[in-house]
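Engineer: Turn this into a structure:
(2 chains)
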There are 2 protein chains.
Amino acid sequence: MFFGPACIPCIVKQASAASLRFAADDEALQYKIIRETCSALSLADDSITAPGFSVILQDILVKNTGVPDPYYYVKRRNLQNAQNYIPLLREIIRNSSDELETAVRAAIIGNAIDLSANPGFDIASEISRMNEDSITLPSYKRFREEVADARLILYIGDNFEEALFDKLLIEALHPRRVAFAVRSAPVTNDITFRDAVEINLPDLCEVVESGSRIAGTYIGQCSAQFMDLYENADIVIAKGQGNYESMINETRPVYFLFRVKCDVIAARSGFGKGMGVMILNQSDK
Amino acid sequence: MFFGPACIPCIVKQASAASLRFAADDEALQYKIIRETCSALSLADDSITAPGFSVILQDILVKNTGVPDPYYYVKRRNLQNAQNYIPLLREIIRNSSDELETAVRAAIIGNAIDLSANPGFDIASEISRMNEDSITLPSYKRFREEVADARLILYIGDNFEEALFDKLLIEALHPRRVAFAVRSAPVTNDITFRDAVEINLPDLCEVVESGSRIAGTYIGQCSAQFMDLYENADIVIAKGQGNYESMINETRPVYFLFRVKCDVIAARSGFGKGMGVMILNQSDK
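Structural biologist: Residues are numbered from 1 along each chain as shown, chains lettered A, B, ... in the order given. Here you go, the predicted structure:
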């Protein structure tokens, strides 16, 4: 079992935070959302992952608020905030001795934006620490070598706002062909096709829906279009802890770029909570 | 509703901590304990208080561990630790200009020992801050005046280890007649009759079971013996947040001595989280 017992209180806390966010003036509705989450958790199979549960929580929020994409406006507020930092980051990348490595670091910083597991994020503070040991890249050397020869790169996205930072890395990956995978339905603040269009991602690279509705990627649920890219890409990059949690047992090499956001994943990955990492599922353990 | 929606994630977290404490080597049992708690929470009435839920969680722990008093050994380890500080506190009280006030402060410090809501307590650090603004006693003046005329004082206990600190205040209340109420069954680390005997409390004052099994005091469930004391005492002192949560709507004056341990009670009491307080339910709001 990968989804540990400690994930359950964390998910109830997320449900409580969401109930306050989307039903602030209705305590009875807050109770209902949290209670329905508790009920679903009491019945969930042990083999479920935390990202796998995200779609259950999303359904509870949608049903109780009557809003099909509860995080729609929150995502856009965060995006506005994130946008302020992109010119500075592009400048830092341009002036660095290894633009690719700096772009990888910038992309990992974007993963700090997470309304579920890291609601108190602070982008400015993240940028000030981007060259410190708070980000570790044990797979970077191999990644750089593989990028040199790559023709097709599949980049599996995570949060909407984070995709602004992903664009910096995608720019650094050009002129290779890059396909960017988004979720197939709104779930927390994860990026959807509609979101990708809004930030002009299709002008930079191909954008495909993965077929996955969870806050991560269940390969077994993915579309034929996605699977074709997944199987034929020279490099797969998967952003965010949710993709790590749901894809860690995959056999093909995947570069995971994420911030370690909880004790369960710290124990599983071997990196401390708060660390930003670039690790391969295959060779880095 | 007094037990707010935010109590639910807190209770699941307590269940998770208890499952790790009492089923450390058995992940399947940890899941079972946390899931049964979630199930009970999904069904609990909105009018339940967090202390009211404590007995449900206790029953889940007892059933799954097969141990009638799971906290028995934990309480005794904490007691040993607490004992080291009692001579120093007695000295501080003896050398103070107002021994009663200092004893009240010592009793409040004891309330920091709480395995449910404050598992990371540090007694030495509490003592070093006992005369600072981290403890506020808006009812102390009235309390001191009432103590002068009191013949019978009912002192409703809370945690086992905390009772060592309560003894210091009971000593300061002598020669008035003091009756000390304990829980009628083990629940978390709260004090029972057996515990009271172990720390020689019957040598210092009367000890009675309240009739309450929760980590607090439901007056409606209390024994005739307790109710006789409750109705006839000149002063009632109730220790701990659990007693505050379960007795705040009582009409007779009750002096609540406790550490504010969560945001819900901070909002309800008007005192910041982490503050030690002595407040009356009647006149201090």
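
Engineer: So what does the residue nearest to A:Ala23 when sequence neighbours are not counted look like in phi/psi?
Structural biologist: In space, and not counting its chain neighbours, A:Ala23 is closest to A:Leu29: 4.0 Å by Cβ to Cβ, 6 or more residues apart in numbering or on different chains. Every residue, glycine included, has its C-beta placed from N, CA and C. Geometry field for A:Leu29 lists phi and psi as phi -70, psi -40, criterion degrees, to the nearest 10.

Engineer: Could you look up the SS state of A:Met130?
Structural biologist: coil (DSSP: H, G, I helix; E, B strand; the rest coil).

Engineer: Can you list the low-confidence ranges for the stretch 101-250 of chain A?
Structural biologist: Within the stretch 101-250 of chain A, the segments meeting pLDDT under 70 span A:114-121.

Engineer: What segments of it are strands?
Structural biologist: Taking DSSP state E, counting those that start in this stretch as the test, the strands found in the stretch 101-250 of chain A are A:135-136, A:152-156, A:177-182, A:206-209, A:235-239.

Engineer: so how far is the last one from its chain's centroid?
Structural biologist: Averaged C-alpha coordinates place strand A:235-239 at 11 Å from its chain's average position (Cα atoms, centre = their mean, to the nearest Å).

Engineer: With just CA atoms, put it into PDB.
Structural biologist: Taking Å, rounded to 0.1, in the frame of the first residue of the first chain, the C-alpha atoms of strand A:235-239 are listed here in PDB:
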ATOM      1  CA  ILE A 235      11.700  11.500 -22.500                       C
ATOM      2  CA  VAL A 236       8.700  11.700 -20.100                       C
ATOM      3  CA  ILE A 237       8.600  14.500 -17.600                       C
ATOM      4  CA  ALA A 238       5.900  14.300 -14.900                       C
ATOM      5  CA  LYS A 239       5.300  17.400 -12.800                       C
END
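
Engineer: residues making contact with it?
Structural biologist: Applying Cβ atoms under 8 Å, 6 or more residues apart in numbering or on different chains, the external contacts of strand A:235-239 come out as A:107, A:110-111, A:143, A:146-147, A:150, A:152-158, A:162, A:166, A:169, A:217, A:230, A:244, A:247, A:252-258.

Engineer: Compute the inter-axis angle for that strand and strand A:177-182.
Structural biologist: Orientation check (axes from the mean of the first three to the mean of the last three Cα atoms, to 10 degrees): strand A:235-239 against strand A:177-182 gives 30 degrees.

Engineer: Buried ones among the contacts of strand A:235-239?
Structural biologist: Among the contacts of strand A:235-239, those scoring as buried are A:107, A:110-111, A:143, A:147, A:150, A:153-158, A:162, A:166, A:169, A:217, A:230, A:244, A:247, A:253-258 (criterion: 16 or more other Cβ atoms under 10 Å in any protein chain shown).

Engineer: how close does the residue lying closest to A:Ile265 once chain neighbours are set aside sit to B:Ile33?
Structural biologist: Leaving aside its chain neighbours, A:Ile265 sits nearest to A:Gln241 (5.7 Å; criterion: Cβ to Cβ, 6+ apart). A:Gln241 is 26 Å from B:Ile33, where distance means Cβ to Cβ, to the nearest Å.

Engineer: isn't A:Gly242 right up against A:Ile214?
Structural biologist: Yes - in this structure, A:Gly242 is within contact of A:Ile214 by Cβ atoms under 8 Å, at 7.3 Å.

Engineer: the more surrounded of the two?
Structural biologist: A:Gly242 (32 against 28; other Cβ atoms under 10 Å in any protein chain shown).

Engineer: ok, now which ones touch the more buried one?
Structural biologist: A:Gly242 touches A:50-51, A:54, A:158, A:190, A:214-217, counting by Cβ under 8 Å, 6+ apart.

Engineer: could I get those residues as JSON lines with distance to chain B?
Structural biologist: Below are the contacts of A:Gly242 laid out as JSON lines (distance: Cβ to the nearest Cβ, whole Å):
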{"residue": "A:Ala50", "distance to chain B": "14"}
{"residue": "A:Pro51", "distance to chain B": "18"}
{"residue": "A:Ser54", "distance to chain B": "16"}
{"residue": "A:Asp158", "distance to chain B": "24"}
{"residue": "A:Asp190", "distance to chain B": "22"}
{"residue": "A:Ile214", "distance to chain B": "20"}
{"residue": "A:Ala215", "distance to chain B": "19"}
{"residue": "A:Gly216", "distance to chain B": "21"}
{"residue": "A:Thr217", "distance to chain B": "25"}
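
Engineer: Relative to B:Ala124, which of these is nearest.
Structural biologist: Among those, A:Ala50 lies closest to B:Ala124 (Cβ to Cβ), at 37.6 Å.

Engineer: The closest one: neighbour count?
Structural biologist: 28.

Engineer: and the nearest residue to it once chain neighbours are set aside, what pLDDT?
Structural biologist: Using Cβ to Cβ, 6+ apart and skipping the chain neighbours, the partner closest in space to A:Ala50 is A:Cys7 (4.7 Å). Looking at A:Cys7, its pLDDT is 92.

Engineer: picking up where we left off before, was I right about the residue nearest to A:Ile265 contacting A:Val264?
Structural biologist: No - A:Gln241 lies out of contact with A:Val264 (Cβ under 8 Å); the separation is 9.8 Å.

Engineer: who has more neighbours, those two?
Structural biologist: The neighbour comparison of A:Gln241 against A:Val264 (other Cβ under 10 Å) goes to A:Gln241, with 27 against 20.

Engineer: Now the closest residue in space to A:Leu61 that isn't next to it in sequence. Its backbone dihedrals?
Structural biologist: The shortest distance from A:Leu61 to any non-neighbouring residue, by Cβ to Cβ, 6+ apart, is to A:Pro70 (5.0 Å). Dihedral angles of A:Pro70 (phi, psi; degrees, to the nearest 10) stand at phi -60, psi -30.

Engineer: Many thanks, I have nothing further to ask.
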